[in-house]
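Asks: Structure, please.
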Amino acid sequence: MRQFLTDLKAAMNVSINIVKSVRKSAHVIRRSLEMDKNMMLPQGKTCKNCVHCERCTSMFGKKETDMSCDFYPIRYYEIKTQEENID
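Replies: Presented below is the predicted three-dimensional model:
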């Protein structure tokens, strides 16, 4: 009987550790999805519209057509056009 209780306790500890691991994994996945959503550029914008485009494409292999930023926190800063600079 004593061996049975020891084995049961060990099995319960394993189960508890599995549950903790699953909860941690779910938190990591939620956090990752949240970061992915936050890394998206504004609607209709691409890396080509960012002041950092030349640096990112030459140093990090980004493409001008990408619609998300690989940097966290996002470093997207839109290029001002001539009309916007006059205002």
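Asks: Please count neighbours and contacts with C-alpha atoms only from this point.
Replies: Noted.
Asks: what about the strands in the protein?
Replies: Counting by DSSP state E, the chain forms no strands at all.
Asks: max-length helix in it?
Replies: Criterion DSSP state H: the longest helix present in the chain is helix 2-38.
Asks: what mean pLDDT does it have?
Replies: Across helix 2-38, the average pLDDT comes to 77.
Asks: Equivalent analysis for stretch 66-73, please.
Replies: Averaging pLDDT along stretch 66-73 gives 84.
Asks: Output stretch 65-85 as CSV - backbone C-alpha positions only.
Replies: In CSV, the C-alpha atoms belonging to stretch 65-85 read as follows (Å, rounded to 0.1, in the frame of the first residue of the first chain):
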residue,chain,number,x,y,z
THR,A,65,7.0,45.0,-49.8
ASP,A,66,6.9,43.6,-46.3
MET,A,67,3.9,44.8,-44.2
SER,A,68,5.4,44.0,-40.8
CYS,A,69,8.4,45.3,-38.8
ASP,A,70,10.9,42.8,-37.4
PHE,A,71,12.0,45.1,-34.6
TYR,A,72,10.3,45.1,-31.2
PRO,A,73,9.1,47.6,-30.3
ILE,A,74,8.1,48.5,-33.8
ARG,A,75,10.3,51.2,-35.3
TYR,A,76,8.1,52.1,-38.3
TYR,A,77,8.2,55.8,-38.9
GLU,A,78,6.5,57.0,-42.1
ILE,A,79,8.3,59.2,-44.6
LYS,A,80,6.9,62.7,-44.8
THR,A,81,6.0,63.8,-48.3
GLN,A,82,6.6,67.3,-49.6
GLU,A,83,3.0,68.3,-49.2
GLU,A,84,3.1,67.2,-45.5
ASN,A,85,6.3,69.2,-44.9
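Asks: Check what contacts that stretch and list those residues.
Replies: Outside stretch 65-85, the residues that touch it by Cα atoms under 8 Å, 6 or more residues apart in numbering are 38-41, 45-52.
Asks: Inside helices: which ones of these?
Replies: Among these, the residues falling in helices (DSSP H) are Asn38.
Asks: Give the buried subset of the contacts of stretch 65-85 as a ChimeraX selection command.
Replies: Per 16 or more other Cα atoms under 10 Å, the buried members of these correspond to this ChimeraX selection:
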select :39,40,41,45,46,47,48,49,50
